[in-house]
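> The sequence isn't on hand, but the structure is:
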């Protein structure tokens, strides 16, 4: 939850660097620049704005009696945005990766066809990558969205390369079959969906 | 479980390419190597199929057999309703020239010919008069945004431009089947994308294409991805949803 607050927080601050905006505008702009990949709900936007105001990073830019509040950056807010862009993100503890956990356990679980697990995942991830590629082609003139779509594509590609690598590693481990943790591999055509 | 033929998806019209139970065995006796093992695959007009698999899985063999550059040990290859196995050498050569376009990693553009002359070459071999061949070549170069390069020599073009000229040569003369083997070679990722976008556009215009690659990002451009392992087709991706239904916000 904390990380989510941080990325939404900086996202909204960066948008306010362009010009003062209303909450609903911030939501729209956030979504359109990231291709609606990480949709925000109205509640998240207003909760975040309330915290930003509490922390002195934004202030209302219009009168108290207006029904909608227009927000603008304070000087502190501006330096927060600059700091965000100037500082690399830290990947402190590895994100829990269900697929890595699944394969790690697959090689230790009797009766699991690890190659089939790998192939099933590979097919699914390649299909996801096909979909991302199509979506990206529909948005070629929006640079922000292109970069987000590329990020999704490269992440999917990395997973597929890792799966290929796992399969090679598995085959090698089985050839030097002294390893006690490996399970027998069935013929590759058993991978085909039954 | 001995057959590796995959269910044929609903096809709009007859397939441009059919591989029917194709096997390719090299060597004899103890030295036998099965490069392809009972592979069946259809590619329809307008369809872009990617073939993925590790080195030695039979990807390139599949492509050379589909293009009539090699013959299967058993099974049939049918291109636009013509069974390649039943053709004389001369007729097979004609089908290869007229119906099939090849794009390989080594571009094989002829350095002493201009872009237009390289593209004209297969048409002239086909007996098309020079003037018409030139007109066709310039038209196809224009279609892919390379008209300005028509009179340049390969050495005066970037790698991406050379590769796109090679694709122009592969598709000139309205060839219905494009066979590509790692066609982006050593191009950087954005330039490589232009090559794939061009292949995609040719399929959207009605050509059938097979792309052999180990690069998942390239396979991502295909309508369907099939996986080869030890000469067998082991899996394929399910049909894609329409782009409109993707990444719809779940709020």
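Cool, got the structure. Here the structure is a predicted model, which is why all the values come from computation and not from measurement. Numbering: from 1, shown residues only, chains lettered A, B, ... in the order given.
> And stretch B:210-217, what's buried?
Judged by neighbour count using 16 or more other Cβ atoms under 10 Å in any protein chain shown, the buried positions of stretch B:210-217 are B:210-217. For glycine as for every other residue, the C-beta is placed from the backbone atoms N, C-alpha and C.
> Which one of those is nearest to residue A:73?
For the buried residues of stretch B:210-217, the residue nearest residue A:73 by Cβ to Cβ is residue B:217; the value is 38.0 Å.
> Flag whichever of the buried residues of stretch B:210-217 scores worst on pLDDT.
Minimum pLDDT across the buried residues of stretch B:210-217 is recorded for residue B:214, with 88.
> For it, which non-adjacent residue is closest in space?
Nearest residue to residue B:214 in three dimensions, chain neighbours excluded: residue B:52, at 6.5 Å (Cβ to Cβ, 6 or more residues apart in numbering or on different chains).
> how near is the one you found to residue B:211?
Separation of residue B:52 from residue B:211 (Cβ to Cβ, to the nearest Å): 9 Å.
> One more: residue A:25?
The gap separating residue A:25 from residue B:211 is 43 Å, by Cβ to Cβ.
> Now for the residue nearest the centre of chain B: which residues touch it?
Nearest to the geometric centre of chain B sits residue B:179, at 1.4 Å (Cα atoms, centre = their mean). By Cβ atoms under 8 Å, 6 or more residues apart in numbering or on different chains, the contact set of residue B:179 is B:63, B:66-67, B:100-103, B:209-210, B:212.
> try residue B:16
Applying Cβ under 8 Å, 6+ apart to residue B:16 gives the contacts B:43-45, B:79-80, B:176-177, B:207-208.
> quick one: it and residue B:82, what's the gap?
Note on residue B:16: its distance to residue B:82, by Cβ to Cβ, is 11 Å.
> Next: residue B:69.
Residue B:69 is 16 Å from residue B:82, where distance means Cβ to Cβ.
> from the contacts of residue B:179, which ones fall inside strands?
Residues of the contacts of residue B:179 located in strands (DSSP state E): B:100-103, B:209-210, B:212.
> got these as TSV, with distance to residue B:200 columns?
Formatted as TSV, the ones in strands among the contacts of residue B:179 follow (distance: Cβ to Cβ, whole Å):
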residue	distance to residue B:200
B:100	19
B:101	15
B:102	18
B:103	13
B:209	9
B:210	13
B:212	16
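> where exactly do the strands run in the chain?
No chain in the question, so chain A it is. Taking DSSP E, the strands of chain A run over residues A:21-22, A:58-60, A:70-73.
> Chain B is the one I meant
So, for chain B - with DSSP E - the strands run B:15-26, B:33-44, B:48-52, B:74-79, B:82-83, B:100-103, B:177-181, B:208-213, B:224-229, B:232-236.
> Contacts for the shortest one next, please.
For strand B:82-83, the surrounding residues in contact (Cβ under 8 Å, 6+ apart) are B:76-77, B:95, B:99.
> Partner strands of that strand, with direction?
Applying DSSP bridges, strand B:82-83 is found paired with strand B:74-79 (antiparallel).
> Quick check: buried residues in the strand it pairs with?
With burial defined by 16+ other Cβ under 10 Å, the residues of strand B:74-79 counted as buried are B:75, B:77-79.
> near chain B, which residues of chain A?
Applying Cβ under 8 Å from any Cβ of the partner chain, we find that chain A lies next to chain B at A:31, A:35-37, A:39, A:41, A:119-120, A:122-123, A:125-127, A:129-135, A:137-138, A:153-154, A:156-157, A:160-161, A:164, A:167-168, A:187-193.
> pLDDT below threshold where in chain A?
A:1-6, A:63-66, A:178-194 (pLDDT under 70).
> can you give me the offset of stretch B:227-242 from its chain's centre?
17 Å (Cα atoms, centre = their mean, to the nearest Å).
> Repeat that for stretch B:222-232.
For stretch B:222-232, the distance to the chain centre is 14 Å (Cα atoms, centre = their mean).
> and if you look at stretch A:60-79?
30 Å.
> any idea how far residue B:187 is from residue B:159?
Distance, residue B:187 to residue B:159, by Cβ to Cβ: 5 Å.
> Which neighbours do residue B:52 and residue B:211 have in common?
residue B:219.
> Find the residue at the geometric middle of chain A.
The residue lying closest to the centre of chain A (Cα atoms, centre = their mean) is residue A:152, at 7.3 Å.
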